[in-house]
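K.L.:
Test case, fold it:
(one chain, ligands or ions: 2)
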Amino acid sequence: MSFSMNAFSLQGKVAWVTGAAYGIGFAIAEALGTAGAKIAFNCRGEKHLDAALKDYAAKGIEARGYICDVTDEAAVAELVGQVERDLGPIDILVNNAGIIKRIPMHEMSAEDYRQVVDIDLVAPFICAKAVIPGMIERGHGKIINICSMMSELGRETVSAYAAAKGGLKMLTRNICSEYGEHNIQCNGIGPGYIATPQTAPLRERQPDGSRHPFDQFIVAKTPAARWGTTEDLMGPAVFLASDASNFVNGHVLYVDGGILAYIGKQP
Ligand code: NAP
Ligand code: GCO
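P.N.:
Ligands and ions are numbered 1, 2, ... in the order given. Down below sits the predicted model:
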C-alpha cells in the first residue's frame with residue numbers, strides 16, 4: 001500500500017457549496033475549486049450572484065452560480081437537477097448557508113427562532129436529502145456541514161443558533177450512521193470565531209476608537225490569540241471533501257485556534 005498526494009485532489013469532482021457568494025462559503029468553494037473540483041454555488045439574490053461570479057473569476061475559479069433559497073425544498077430539488085445537467089453528478093455537498101439572530105431568548109419571537117432553525121438546521125436536511133439518492137447510486141459522496149462553536153457551547157442571545165448548530169452536529173452523525181455503508185462520508189467543520197460579515201457586528205470599533213469588548217473577549221479566549229480567517233478553513237474543507245478522509249465519518253473537525261481546548265485566561 002502506498003500513499004500519494006493525489007488522495008487530496010478533487011480533480012473530476014463536482015462540488016456544490018450553499019450560500020457561497022461571500023464569507024466562509026466562498027473561501028471553501030475557492031479551496032475546493034483550487035483542488036480541482038467544478039464548483040456550483042447558490043445564494044438568494046441576483047446582486048450577490050453577479051458580484052460573486054466576478055470574484056470567483058478573479059480567483060481563477062470556474063464557478064456556476066444559481067439563485068436558490070435553501071429552505072425551499074422544491075427549489076433545491078430543481079437546483080440539484082440543473083447543476084447535474086450543467087456540471088455532472090454532485091460528488092460533494094457543503095451545507096454552509098446560515099444565519100444568526102442575536103436576541104435574548106426571553107425576548108425572541110417563535111417566528112425568529114423558527115427562521116434560524118429553518119435555515120441552519122432544516123435546510124441542510126433538505127439539501128442532503130436532495131443529493132443522497134444520487135450518491136447512493138454512484139457508491140460515493142461527501143457531505144460537509146458547517147457547524148459552530150455553538151454546536152458545543154452556549155452563550156447569551158444565541159439560543160436558536162446554538163440549538164440549530166447542536167442539531168446539525170447530530171444530523172451529521174446521523175447521516176454518517178444511515179449512509180456510511182454506501183461509502184458516503186458526512187462530517188462537520190466547526191469554525192471558531194471567523195472574521196466575516198456574520199461576525200462584523202462583534203468586531204465593530206467603539207465610538208472612542210477602541211476595540212469592541214466582544215472582540216477583546218474572543219481574542220483572550222482563543223489560544224491562537226486572534227480571530228480566524230476564512231483561509232483557515234480551506235485546508236480542512238479540502239481534506240474532508242477528498243479521498244484522504246474516506247474513513248473519517250460522523251466527525252466534527254473544530255477549526256477554532258484552540259477555543260474548545262481552553263479553560264480561559266486566569267485572572
Ligand atoms: P455570512 O457572511 O453571513 O454568509 C452567509 C451566507 O449564507 C451568505 O452567502 C448568504 O447568502 C447565505 N444564506 C443565508 N440564508 C440563506 C438561504 N436561506 N438560502 C441560501 N443562502 C443563504 O456568514 P459566514 O460567517 O460566512 O457563515 C457561513 C456559515 O458558517 C454559516 O452557517 C455560519 O453559521 C457558519 N459559521 C460562521 C462562523 C463565523 O465566525 N463567521 C463561525 C462558525 C460557523 P445571501 O447573501 O444570498 O443571503
Ligand atoms: C456569536 C457568533 C457565533 C459564531 C460562530 C462561532 O454571536 O457568538 O456569531 O456564534 O458566528 O458560529 O463558532
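
K.L.:
who does the longest helix seen in the chain touch, helix- and strand-wise?
P.N.:
In the chain, taking DSSP state H as the definition, the longest helix is helix 159-179. Counting contacts by 3 or more C-beta pairs under 8 Å, 6 or more residues apart in numbering; DSSP states H and E, helix 159-179 packs against helix 110-117, helix 123-138, strand 141-146, strand 184-191. For glycine as for every other residue, the C-beta is placed from the backbone atoms N, C-alpha and C.

K.L.:
List the contacts of that helix.
P.N.:
Helix 159-179 is contacted by residues 95, 100-101, 105, 108, 112-113, 116-117, 119-121, 124-125, 128, 132, 135-136, 141, 143, 145-148, 150-155, 184-188, 190, 249-250, 252 when judged by C-beta atoms under 8 Å, 6 or more residues apart in numbering.

K.L.:
May I see the helices and strands packed on helix 159-179 arranged in TSV, with mean neighbour count, distance to ligand 2 and mean pLDDT as well?
P.N.:
TSV is the format used below for these (neighbours: other C-beta atoms under 10 Å; distance: least, C-beta to the nearest ligand atom, whole Å; pLDDT from 0 to 100):
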stretch	mean neighbour count	distance to ligand 2	mean pLDDT
helix 110-117	14	11	98
helix 123-138	19	14	98
strand 141-146	27	9	99
strand 184-191	25	5	99
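
K.L.:
Can you dump the C-alpha atoms of the longest helix of the chain in CSV for me?
P.N.:
What follows is helix 159-179, C-alpha atoms only, in CSV (Å, rounded to 0.1, in the frame of the first residue of the first chain):
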residue,chain,number,x,y,z
SER,A,159,-30.4,30.2,21.7
ALA,A,160,-31.8,29.5,18.3
TYR,A,161,-28.4,29.4,16.6
ALA,A,162,-27.0,27.1,19.3
ALA,A,163,-30.0,24.8,19.2
ALA,A,164,-29.7,24.6,15.4
LYS,A,165,-25.9,24.1,15.3
GLY,A,166,-26.1,21.5,18.1
GLY,A,167,-28.8,19.8,16.0
LEU,A,168,-26.6,20.0,12.9
LYS,A,169,-23.8,18.1,14.7
MET,A,170,-26.3,15.3,15.4
LEU,A,171,-27.7,15.4,11.8
THR,A,172,-24.0,14.9,10.7
ARG,A,173,-23.7,11.8,12.9
ASN,A,174,-27.0,10.5,11.8
ILE,A,175,-26.2,10.9,8.0
CYS,A,176,-23.0,9.0,8.7
SER,A,177,-24.8,6.3,10.6
GLU,A,178,-27.6,5.9,8.0
TYR,A,179,-25.5,6.1,4.8
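
K.L.:
Next, the angle helix 123-138 makes with it.
P.N.:
Inter-element angle recorded for helix 159-179 and helix 123-138: 10 degrees (by axes from the mean of the first three to the mean of the last three C-alpha atoms, to 10 degrees).

K.L.:
got the buried residues for helix 159-179?
P.N.:
Neighbour-count burial for helix 159-179, counted by 16 or more other C-beta atoms under 10 Å, picks out 159-169, 171-173, 175-176, 179.

K.L.:
repeat for stretch 227-240
P.N.:
Neighbour-count burial for stretch 227-240 flags 227-228, 230, 232-234, 236-240 (criterion: 16+ other C-beta under 10 Å).

K.L.:
ok, the residue nearest to Ile194 when sequence neighbours are not counted - contacts?
P.N.:
Closest residue to Ile194 apart from its sequence neighbours, by C-beta to C-beta, 6 or more residues apart in numbering: Gly228 at 4.2 Å. Contact partners of Gly228, counting by C-beta under 8 Å, 6+ apart, are 191-195, 255-257.
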